[in-house]
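1. sequence below, structure please.
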Amino acid sequence: MKKHFEKFKVTKLGSGLGSGLGSGLALALAIGAVSTVSYADINDEIRAAQATKITLKQAVDIANKQAKGILVDAEFDDDDSDSQSGGGVYELEFSDGATEYEIKVDAITGQVVELDTDSLDSGDVDDYNSQRRAKISVMGVINAIEKQANSRVLEVEFKNDRDYADHPSYFEVDMLRDNQIIELKIDAETGREFARKVKK
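-> Residues are numbered from 1 along each chain as shown. Modelled structure (predicted):
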């Protein structure tokens, strides 16, 4: 389906928001026509996300004390069995180019409930190097989106899969806004959003 975006709201990404970011780089978030897609149990995920006591950014700060390298991806899981509180966990992955750190942080208590490390294989190293070369970092995306009114990032993942000819590397983001979860795709070089859909 062809998507039409009427205008862009631009948020400036300043320095210090993550490696690879230049001062004043713009992240353009499209505002306009939005397609919808069906997902099972989306209402449960929305309710759980709204009930969390800590944000993804806070979970990153907590996990970062036990990991090395850069944040590779992050995800809110509302029904993870490792949650001590029953309110879900944030699953965070960091990498330093040799070791992968997978950390789960309880979304209610902020406690680290799991920490695993593993060596990177050659494919993981390639992905890590691609992400390090990108102009925008995972944290840059999170910071820019959360400057938008009533917006919280629940998931962000770097993609280097060549699924889009015009966007060889991009971020796939789930954003909670009011009572909706919106999936965004954001070019990792330009910061420009090129697709979105509402999960229903």
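
2. which residue ranges of the protein form helices?
-> 42-51, 56-64, 122-133, 138-145 (DSSP state H).

3. as CSV, these with mean neighbour count, distance to residue 88 and mean pLDDT would be great.
-> Any C-beta I mention is one placed from the backbone N, CA and C, and that applies to glycine too. Listed next are those as CSV, based on neighbours: other CB atoms under 10 Å; distance: least, CB to CB, whole Å; pLDDT from 0 to 100:
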stretch, mean neighbour count, distance to residue 88, mean pLDDT
helix 42-51, 16, 5, 94
helix 56-64, 19, 11, 96
helix 122-133, 14, 26, 92
helix 138-145, 24, 18, 95
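
4. so which of those is nearest residue 155?
-> helix 56-64 (8.2 Å; CB to CB).

5. related to what we said a few turns ago, can you add distance to residue 159 and give the helices of the chain back as JSON lines?
-> Output for the helices of the chain, formatted as JSON lines (distance: least, CB to CB, whole Å):
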{"stretch": "helix 42-51", "distance to residue 159": "21"}
{"stretch": "helix 56-64", "distance to residue 159": "18"}
{"stretch": "helix 122-133", "distance to residue 159": "9"}
{"stretch": "helix 138-145", "distance to residue 159": "12"}
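
6. nearest to residue 179, out of the ones you listed?
-> helix 42-51 (6.2 Å).

7. count of neighbours near residue 200?
-> Neighbourhood size, residue 200 [other CB atoms under 10 Å]: 11.

8. that one contacts residue 46, correct?
-> No: using CB atoms under 8 Å, residue 200 is not in contact with residue 46; the gap is 10.1 Å.

9. what about the residue nearest the centre of the chain, distance to residue 111?
-> Taking CA atoms, centre = their mean as the criterion, residue 156 is the residue nearest the geometric centre of the chain, at 1.7 Å. Going from residue 156 to residue 111 by CB to CB, to the nearest Å gives 22 Å.

10. got phi/psi on the closest residue to residue 127 other than its chain neighbours?
-> Of all residues not flanking residue 127 in the chain, residue 160 sits nearest, at 5.7 Å (CB to CB, 6 or more residues apart in numbering). Dihedral angles of residue 160 (phi, psi; degrees, to the nearest 10) stand at phi -140, psi 50.

11. and for residue 79?
-> Torsion angles, degrees, to the nearest 10, at residue 79: phi -130, psi 30.

12. pLDDT score for it?
-> What the model reports for residue 79 is a pLDDT of 89.

13. contact partners for it?
-> 44, 48, 88 (CB atoms under 8 Å, 6 or more residues apart in numbering).

14. recalculate using a threshold of 7 Å.
-> residue 88 (CB atoms under 7 Å, 6 or more residues apart in numbering).

15. and for the one 4 residues further on?
-> Contacts for residue 83 were tallied using CB under 7 Å, 6+ apart; they are 89, 106, 113.

16. cool, and residue 78?
-> Counted by CB under 7 Å, 6+ apart, residue 78 has contacts 44, 45, 48, 49, 88.
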